[in-house]
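In: got a sequence here, can you build the structure:
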Amino acid sequence: MIYHYAHPEYFRDWDKPELKGLNKPLVLWGAGKVGGVAAHCLKTRGVEYAAFCDIAQDKWGTQFCGHEVISPDELQKRYPDAVVIITSVFYTSTYEMLKARGYRDIYDCVFLLMEIDFSGYDFWMSQEYAIRNIEQCIAAVRSQRTKSGIIDQLFLNITTRCSLRCRDCSLFIPYVTNPCNYPSQEIMTDLNKVLDALGQVRIVNFYGGEPLLHPDLAQMIRSLRNETRIDRISIITNGTIVPNEDVLQAIKEEPRFMVRISDYGAISKNLQALEEKLRQLNISYEIANYEYWDRASRIGTAGHENETKEDLIAKFQLCTSCNVMFLINRKGYLCSTGSAVCNMGGFPDSPTNYIDLLDEENFAQKLDYFVKRPGTGEYMDACHYCSGNHGVQFEQKVPVAVQTKDVLKFEKVY
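Out: As a prediction, the model looks like this:
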């Protein structure tokens with residue numbers, strides 16, 4: 001299989017370094033999902049590289065894709081003149097760190113990912129899962145480098161009901177005291193309002209909770225049939241439920257649809273049955289075969305008392321680096337943690353935390369300002385009480401989908 005990115009014209013004028021015949025060592029920064037695919041791309045091109053570098057201490061001294069993972073300090077000691085390719089969605093922060101350490105030959109990985117020959121691919125992610133991650137990375141790097149505030153994906157939180165109670169859920173479902181399905185008419189009204197203002201998004205995702213528990217899911221999917229401002233539509237499900245026939249038919253009728261299945265092992269008890277059903281109906285799907293989770297953000301006041309304005313700006317910009325927007329309960333958020341915890345009242349209410357989707361006055365202008373906030377550093381009040389993006393707490397990996405029967409509680413922050 002050869003993958004082609006759909007919009008190479010976005011990057012026509014970007015740097016495309018010539019990697020063969022380098023007289024300097026080549027290092028990849030980021031020993032993760034994108035790094036694994038980038039390593040495959042270099043291998044297919046016959047390009048050698050010296051090592052991976054990563055800020056995650058638990059990776060230092062280990063092997064990744066057949067290469068040593070070193071620390072930033074070790075990078076500077078061993079390869080002070082290296083050419084560095086950033087294989088991470090956190091482009092801006094990594095670029096600034098490398099620049100401060102004296103590196104000048106710094107590139108993003110977009111040029112590697114425009115076309116991928118998956119022949120001989122042996123990284124642990126499935127090809128479909130890999131493609132989703134690299135497309136998200138490309139979109140994130142584009143947004144960060146251009147400071148455009150382009151929203152790449154919209155997440156529609158249609159329910160806080162779930163078939164699982166994962167202790168380390170990044171959407172904090174075990175903390176929800178009154179799970180509910182949100183009214184489908186309100187969900188679609190809010191989506192249309194945001195699309196009117198944005199003009200176009202790459203992906204709209206139905207998620208929760210477990211979105212297959214919403215009784216109006218088929219109706220919502222069908223309502224997007226003639227919506228041309230969306231490139232792709234997906235649902236994120238945990239492999240415990242096989243959709244009913246109406247939902248399956250609605251998905252089958254929508255050629256843009258992708259079913260994203262999280263594989264949690266034995267807990268995803270209906271994964272095989274779901275996969276078989278999707279194959280029978282020729283419905284596109286992806287299985288995310290997680291090796292671990294990054295621990296969800298810590299909510300509370302402990303540890304945040306001495307954070308400076310610069311700390312809060314950096315935290316906010318890392319959390320919003322993937323240029324996505326979350327719609328839940330008539331509000332829009334730039335942060336998944338903020339969307340979940342604010343919705344439960346876990347953070348003090350503040351207009352800095354969200355955009356009110358019921359606001360009619362100059363909404364398009366307000367939304368444009370809102371989505372550009374990561375570029376300006378105008379952080380949320382909620383950042384004062386949150387440890388930040390779970391995806392950057394690299395040393396705090398947890399087992400996948402550990403279940404709890406308890407209703408969990410946040411440390412009181414106000």
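In: pull the distance from the host helix or strand of residue 365 to the chain's centre.
Out: Using DSSP states H and E, residue 365 falls within helix 363-371. Relative to its chain's centre, helix 363-371 lies at 22 Å (Cα atoms, centre = their mean, to the nearest Å).
In: give the other helices and strands that it contacts.
Out: helix 184-198, strand 355-356 (3 or more Cβ pairs under 8 Å, 6 or more residues apart in numbering; DSSP states H and E). Placement of C-beta: from N, CA and C, glycine included.
In: and the helix or strand following the longest one, which strands flank it?
Out: The one in question is helix 184-198. Following helix 184-198 in sequence order, the next helix or strand is strand 201-207 (DSSP H and E). Each strand that pairs with strand 201-207, with its direction, by DSSP bridges: strand 153-157 (parallel), strand 230-237 (parallel).
In: so which of those strands comes closest to residue 326?
Out: Residue 326 lies closest to strand 153-157 among these, at 4.6 Å (Cβ to Cβ).
In: same question for that closest one, mean pLDDT?
Out: Average pLDDT, strand 153-157: 97.
In: longest helix of this structure?
Out: helix 127-146 (DSSP state H).
In: rewinding a little: make TSV from the strands paired with strand 201-207 and add mean neighbour count and distance to residue 219 to it.
Out: Putting the strands paired with strand 201-207 into TSV (neighbours: other Cβ atoms under 10 Å; distance: least, Cβ to Cβ, whole Å) gives the following:
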stretch	mean neighbour count	distance to residue 219
strand 153-157	22	13
strand 230-237	20	14
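In: where does the closest residue to residue 322 other than its chain neighbours land on pLDDT?
Out: Here the nearest residue to residue 322 in space, its sequence neighbours aside, is residue 140; by Cβ to Cβ, 6 or more residues apart in numbering that works out to 4.7 Å. Looking at residue 140, its pLDDT stands at 87.
In: surely residue 140 touches residue 321?
Out: Yes - assessed by Cβ atoms under 8 Å, residue 140 is found in contact with residue 321 at 5.6 Å.
In: any shared contact partners between those two?
Out: Residues touching both residue 140 and residue 321 (Cβ atoms under 8 Å, 6 or more residues apart in numbering): 89, 91.
In: picking that back up, list the buried residues of the helix holding residue 365.
Out: Under the neighbour-count criterion of 16 or more other Cβ atoms under 10 Å, helix 363-371 has 363, 367, 370, 371 buried.
In: how close does the first one get to residue 332?
Out: In this structure, residue 363 lies at 10 Å from residue 332, with Cβ to Cβ, to the nearest Å as the measure.
In: run a quick neighbour tally on residue 210.
Out: Using other Cβ atoms under 10 Å, the number of residues around residue 210 comes to 23.
In: next one: the one 10 residues further on
Out: Summarising burial for residue 220: neighbours were counted as other Cβ under 10 Å, giving 21.
In: please apply the same query to residue 245.
Out: For residue 245, using other Cβ under 10 Å, the count is 10.
In: let me know the pLDDT of it.
Out: Looking at residue 245, the pLDDT reads 97.
In: for residue 392, same thing?
Out: In this model, residue 392 is scored at 50, pLDDT.
In: same thing with residue 93?
Out: 86.
In: end to end on stretch 148-165, go ahead and measure it.
Out: Start to finish, the residues bounding stretch 148-165 are 37 Å apart (Cα to Cα, to the nearest Å).
In: may I have the beta-bridge partners of residue 155?
Out: residue 205, residue 326.
In: surely residue 321 and residue 374 touch.
Out: Yes - with contact defined as Cβ under 8 Å, residue 321 reaches residue 374; the gap is 7.3 Å.
In: circling back to that earlier point, rebuild the strands paired with strand 201-207 as CSV, extending it with distance to residue 106.
Out: Formatted as CSV, the strands paired with strand 201-207 follow (distance: least, Cβ to Cβ, whole Å):
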stretch, distance to residue 106
strand 153-157, 27
strand 230-237, 30
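In: nearest to residue 89, of those?
Out: Nearest of the strands paired with strand 201-207 to residue 89, taken as Cβ to Cβ: strand 153-157 at 12.4 Å.
In: tell me how many other residues surround residue 14.
Out: Neighbours of residue 14 (other Cβ under 10 Å): 14.
In: for residue 224, that is, sorry about that
Out: 21.
In: for it, which non-adjacent residue is spatially closest?
Out: For residue 224, the spatially nearest residue (Cβ to Cβ, 6+ apart) is residue 233, at 6.1 Å.
In: before we move on, back to that, which residues sit against the helix holding residue 365?
Out: 149-151, 193-194, 196-198, 323, 325, 332, 334, 355, 359.
In: could you pull out the helices in this protein for me?
Out: Under DSSP H, the chain gives helices at 33-45, 72-78, 91-100, 110-113, 127-146, 184-198, 217-222, 245-252, 271-280, 309-319, 336-343, 363-371, 373-376.
In: check contacts around residue 232.
Out: By Cβ under 8 Å, 6+ apart, the contact set of residue 232 is 202, 203, 204, 256, 257, 258.
In: just to revisit the earlier point, distance of the residue nearest to residue 224 from residue 257?
Out: Distance from residue 233 to residue 257, by Cβ to Cβ: 5 Å.
In: what touches both of those two?
Out: residue 221.
In: in this structure residue 218 contacts residue 247, no?
Out: Yes - Residue 218 is within contact range of residue 247, at 4.7 Å (criterion: Cβ under 8 Å).
In: if we can go back for a sec, between the contacts of residue 232, which is nearest residue 400?
Out: residue 258 (21.3 Å).
In: what's near enough to touch the closest one?
Out: 232, 233, 234, 284, 285, 286.
In: do residue 13 as well
Out: Neighbours of residue 13 in contact, by Cβ under 8 Å, 6+ apart: none.
In: residue 278: which of the helices and strands packed on helix 363-371 is closest?
Out: So among those, helix 184-198 is nearest, using Cβ to Cβ, at 23.2 Å.
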